[in-house]
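Chemist: Sequence plus the predicted model coming up.
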Amino acid sequence: MHIADPFASPAVARRYADKVAFVTGAASGIGRATAVRLAAEGASTYLVDVNAEGVQETAASIAGSGGTATAATLDVRDAAACIAAIEVCVATYGGIDVLCNIAGVGGMSHVAEETRDRLDLMYDVNVAGPFSLIQAALPSLTERRGNVVNLASTAGIIGQAYCVAYCASKHAIVGMTKALAVELGRTGVRFNAVCPGGVNTGLIAAFLPPEGASGSLISRQFLNRDMQEPESVAAMVAYVGSDEAHYVNGAVLPIDAGTTTG
Ligand SMILES: NC(=O)c1ccc[n+]([C@@H]2O[C@H](COP(=O)([O-])OP(=O)(O)OC[C@H]3O[C@@H](n4cnc5c(N)ncnc54)[C@H](O)[C@@H]3O)[C@@H](O)[C@H]2O)c1
């Protein structure tokens, strides 16, 4: 079960009244569902994505439902642009309570055919982008005892065949999350990683097994053949980023129907 329209659901709380959420990857998929969920829970949302049209659409849909959203185009690979985006968010809404690093790219390949360019791309978007945004947002997050939710993956917990670059990047963001939770735990700022298994989004198209891939190596990664909807992951992000999760720090949280149990 997932909540298709959190604005229309009486089951959705208002945990984000008076909070500001900065969400990357908000043009589609999990980022869009998270933006909608947090806005429905009362957050003022600052939404960014490299897809300018998509992020405007998300903001317009939130505004149309009575929520608060500002959209901006941002390529998270651009460190200076990340700093500027955080500054604009703080100037617009007065600060940041939760930073959701959701933008991501992926793909599958035999290791012999994987390229250094694709490895660099996945690292830049999935790891370096979050790093720049976290660094820039830290003063505001510290002042407001805010938190960061990094969207990792089951590929950040277990090894997955034909995903050498993606797995490396997702393990890296999990490692960054844990390191920051330890280093900054006493400041009151929390850092957590949410790790979904198969989610029904556009990114799935990038995960076609390469020619000659072993079916048994791939099926090992899926205990449940049904995919989940992005709204289910958004609900977990909304919990982790809320004050209800005040004691959750440095956590690596699977939402994967048991895939990572072993
Ligand atoms: N779909 C899944 O099965 C799945 C599973 C585990 C983890 N994830 C992770 O969830 C996150 C969201 O992915 P999704 O499934 O919603 O896919 P998606 O393709 O719908 O969303 C990814 C978003 O990131 C944006 N993006 C890509 N490169 C960017 C850049 N350089 N700067 C800014 N924005 C950029 C895209 O435009 C897109 O809107 C990703 O980090 C992905 O790795 C997805």
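Modeler: Received it, and whenever you're ready, just let me know what you need.
Chemist: separation between the residue of the chain positioned farthest from its centre and residue 110?
Modeler: No residue in the chain sits farther from the centre than residue 212, which is 31.3 Å out by C-alpha atoms, centre = their mean. Here residue 212 is placed at a distance of 7 Å from residue 110 (C-beta to C-beta, to the nearest Å). The way it works is simple: take the backbone N, C-alpha and C, and place the C-beta from them, glycine included.
Chemist: One more: residue 11?
Modeler: Residue 11 is 44 Å from residue 110, by C-beta to C-beta.
Chemist: Looking at those two, which has the bigger crowd around it?
Modeler: When residue 11 and residue 110 are compared for neighbours, residue 110 comes out ahead with 14 against 8, by other C-beta atoms under 10 Å.
Chemist: quick one: contacts for that one?
Modeler: With contact taken as C-beta atoms under 8 Å, 6 or more residues apart in numbering, residue 110 is in contact with 162, 210, 212-213.
Chemist: what's the answer for residue 53, then?
Modeler: residue 27.
Chemist: What's the local residue count around the residue nearest to residue 136 when sequence neighbours are not counted?
Modeler: Leaving out its chain neighbours, the residue that sits closest to residue 136 by C-beta to C-beta, 6 or more residues apart in numbering is residue 86, at 3.9 Å. Residue 86: 26 surrounding residues under other C-beta under 10 Å.
Chemist: Now do the residue nearest to residue 185 when sequence neighbours are not counted against the ligand, distance only.
Modeler: Leaving aside its sequence neighbours, residue 185 sits nearest to residue 249 (C-beta to C-beta, 6+ apart; 5.8 Å). Counting by C-beta to the nearest ligand atom, to the nearest Å, the gap between residue 249 and the ligand amounts to 21 Å.
Chemist: before we move on, what about residue 193?
Modeler: Counting by C-beta to the nearest ligand atom, the gap from residue 193 to the ligand is 10 Å.
Chemist: I'd assumed residue 173 was in contact with that residue.
Modeler: Yes - Residue 193 is within contact range of residue 173, at 6.5 Å (criterion: C-beta atoms under 8 Å).
Chemist: tell me, what's touching the two both at once?
Modeler: Residues within reach of residue 193 and of residue 173 at once, by C-beta under 8 Å, 6+ apart, are 150, 152, 156.
Chemist: Need those residues in TSV (columns: distance to residue 23 and secondary structure).
Modeler: Below are the shared contacts of residue 193 and residue 173 laid out as TSV (distance: C-beta to C-beta, whole Å; DSSP: H, G, I helix; E, B strand; the rest coil):
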residue	distance to residue 23	secondary structure
150	12	strand
152	16	coil
156	19	helix
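Chemist: Turn those into JSON lines, including neighbour count, pLDDT and distance to the ligand.
Modeler: Formatted as JSON lines, the shared contacts of residue 193 and residue 173 follow (neighbours: other C-beta atoms under 10 Å; pLDDT from 0 to 100; distance: C-beta to the nearest ligand atom, whole Å):
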{"residue": "150", "neighbour count": "28", "pLDDT": "99", "distance to the ligand": "9"}
{"residue": "152", "neighbour count": "29", "pLDDT": "98", "distance to the ligand": "7"}
{"residue": "156", "neighbour count": "27", "pLDDT": "98", "distance to the ligand": "8"}
